[in-house]
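J.: Quick one, fold the following:
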Amino acid sequence: MWATLNSTLATETMSRAGFDYVCVDNQHGVIDYSDTVGHLQAIDAGGSTPVVRVPWNEPGIIGKTLDAGADAVIIPMVNSVAEAEAAVRSCRYAPEGARSYGPVRAGGRTPGYFDSANETVACIPMIETVQAVAAIDDILAVPGIDAVYVGPADLSVTMGLPPANNDDDPQFMEALETVVAACARNGVVPGMHTTSGLVAKRLAMGFRMLTVSADSVALGVGLAEARKAAEAARGGVGATTAGDADALY
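T.: Numbering: from 1, shown residues only. Alright, predicted model coming up:
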């Protein structure tokens, strides 16, 4: 699940629903860093793995997010080997990287944090441009990358397509297949932003880390379904249809 709303109760509710992870979106959601600690605490309370998408591939915010207690960071717009190497350095203490020590919350949350962090913190670059797809094997060869995460909206935009899951476009589907195949060759987990209606298809393609919805999307769909039921009960006047909205942030 994906947390975009600045409601720690909503984030805790998603975590308690039994999803493997909840990702706090600091890039496109309305959650700032100062609020992120509360969201991470809410995820811990619910039992899911706490993940944060940071605003950018920048060592200060990556380190600060990990210090706050994220077990994984999703890092936007990683398009080259140099950018992938920078992402890994930000996630790892020396000698594997250049992360500064100061796990203000993570240290108390995880006993022996320093000794285990380089092995347990997941570095997850986003693959969301045609440039990144073209360089995918070189990017995945960078030591320290645990998974990659495809952003279908930005990937589509760089192809000249609408920002959506463009499964009817051969170029889009070929790019997804290229990423999955490269992950298999390099021992990296392929992940992707998706919708609940596409989960079976993405799993069949080989994706292993899938975000299926977001708090804002689930709220909208749930409200539409409630209104549809209420309108149907009073005779169908103004009935609406709740679709499986795209969560393409």
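J.: any idea how far the biggest helix by length in the chain is from the chain center?
T.: Ordering each helix of the chain by length in residues (DSSP state H) puts helix 215-233 first. Distance of helix 215-233 from its chain centroid, counting by CA atoms, centre = their mean, to the nearest Å, is 25 Å.
J.: Only the buried residues of that helix, if you could.
T.: For helix 215-233, the neighbour count (16 or more other CB atoms under 10 Å) marks 215-218, 221, 228 as buried. Where C-beta positions appear, they are placed from N, C-alpha and C, glycine not excepted.
J.: Nearest to residue 206 among the residues you listed?
T.: Using CB to CB, residue 217 comes nearest to residue 206 of the buried residues of helix 215-233, at 24.3 Å.
J.: Tell me the pLDDT of that closest one.
T.: Note on residue 217: pLDDT of 96.
J.: remind me which residues of the chain are low pLDDT?
T.: 236-249 (pLDDT under 70).
J.: For it, which segments count as strands?
T.: Ranges of strands within the chain are 2-3, 21-25, 49-53, 72-75, 122-127, 147-150, 189-193, 209-211, based on DSSP state E.
J.: For those, give me TSV that also has mean neighbour count and distance to residue 163.
T.: Output for those, formatted as TSV (neighbours: other CB atoms under 10 Å; distance: least, CB to CB, whole Å):
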stretch	mean neighbour count	distance to residue 163
strand 2-3	29	16
strand 21-25	27	16
strand 49-53	26	17
strand 72-75	26	18
strand 122-127	25	14
strand 147-150	24	13
strand 189-193	23	11
strand 209-211	21	16
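J.: In JSON lines: the ones you listed, plus distance to residue 89.
T.: As requested, the strands of the chain are exported to JSON lines (distance: least, CB to CB, whole Å):
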{"stretch": "strand 2-3", "distance to residue 89": "26"}
{"stretch": "strand 21-25", "distance to residue 89": "22"}
{"stretch": "strand 49-53", "distance to residue 89": "18"}
{"stretch": "strand 72-75", "distance to residue 89": "11"}
{"stretch": "strand 122-127", "distance to residue 89": "9"}
{"stretch": "strand 147-150", "distance to residue 89": "17"}
{"stretch": "strand 189-193", "distance to residue 89": "20"}
{"stretch": "strand 209-211", "distance to residue 89": "22"}
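J.: which one of these lies closest to residue 94?
T.: Nearest to residue 94, of the strands of the chain and by CB to CB, is strand 122-127 at 15.3 Å.
J.: could you say what helices and strands that closest one packs with?
T.: Packing partners of strand 122-127 (3 or more CB pairs under 8 Å, 6 or more residues apart in numbering; DSSP states H and E): strand 49-53, strand 72-75, helix 81-91, helix 136-140, strand 147-150.
J.: All set now, cheers.
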